[in-house]
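Engineer: Build me a model:
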Amino acid sequence: QVQLVESGGGLVQAGGSLRLSCAASGRTSSMYAMGWFRQAPGKEREFVAAITWSSTYYANSVKGRFTISRDNAKNTVYLQMNSLKPEDTAVYYCAHGPFCSGSGCYNPLGYDYWGQGTQVTVSS
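Structural biologist: Numbers count the residues shown, from 1 in each chain. A predicted model of the protein is given here:
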């Protein structure tokens with residue numbers, strides 16, 4: 001079992017920044033993949049970013065603005081979000097799964113544990 005707790009969401013103006021955190025506990029290690037997904041009202045959950053022990057992956061919509069990182073000593077993954085846009089408004093979910101690579105990291109079905117989500121609202 002793995003438990004994931006997200007934090008850091010909130011309300012920010014367009015152009016601003018937020019940093020999301022996801023603390024993992026239980027049966028986890030740096031060998032596992034960690035991902036961030038988001039879901040806006042009326043839309044499907046979509047991939048945002050993922051990190052494995054060797055690589056990082058980003059959705060085209062956030063590339064150059066968001067950065068995913070991890071602190072293995074703290075079992076924590078971060079999502080630094082800069083230059084936020086109103087279309088980034090969504091509930092952001094942290095996910096934990098087996099090692100993935102390439103497009104395999106983009107599929108939510110590849111992750112077996114999920115956090116409760118944290119709301120990010122970007123005002124125009």
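Engineer: When you work out contacts or count neighbours from here on, use the C-alpha atoms and nothing else.
Structural biologist: OK.
Engineer: Please give me every residue in contact with the residue nearest to the spatial centre of the chain.
Structural biologist: By CA atoms, centre = their mean, the chain has its centre lying nearest to residue 36, at 2.0 Å. The contact partners of residue 36, taken as CA atoms under 8 Å, 6 or more residues apart in numbering, are 47-50, 79, 92-95.
Engineer: let's go with 10 Å and repeat that
Structural biologist: If you count contacts by CA atoms under 10 Å, 6 or more residues apart in numbering, residue 36 has them with 20, 22, 46-51, 58, 68, 77-79, 92-96, 106, 108, 114-115, 117.
Engineer: Let's see the pLDDT reported for residue 31.
Structural biologist: Note for residue 31: predicted pLDDT of 79.
Engineer: Would you map the strands across this structure?
Structural biologist: 2-7, 10-13, 18-26, 33-39, 46-51, 56-58, 66-71, 76-81, 90-97, 113-114, 118-123 (DSSP state E).
Engineer: tally of neighbours for residue 22?
Structural biologist: 27 (other CA atoms under 10 Å).
Engineer: hang on, it packs against residue 70?
Structural biologist: Yes. With contacts counted by CA atoms under 10 Å, residue 22 reaches residue 70, the gap being 9.2 Å.
Engineer: Between the two, which contacts overlap?
Structural biologist: With CA under 10 Å, 6+ apart, residue 22 and residue 70 have common neighbours 34, 76-79.
Engineer: Good, we can wrap up now.
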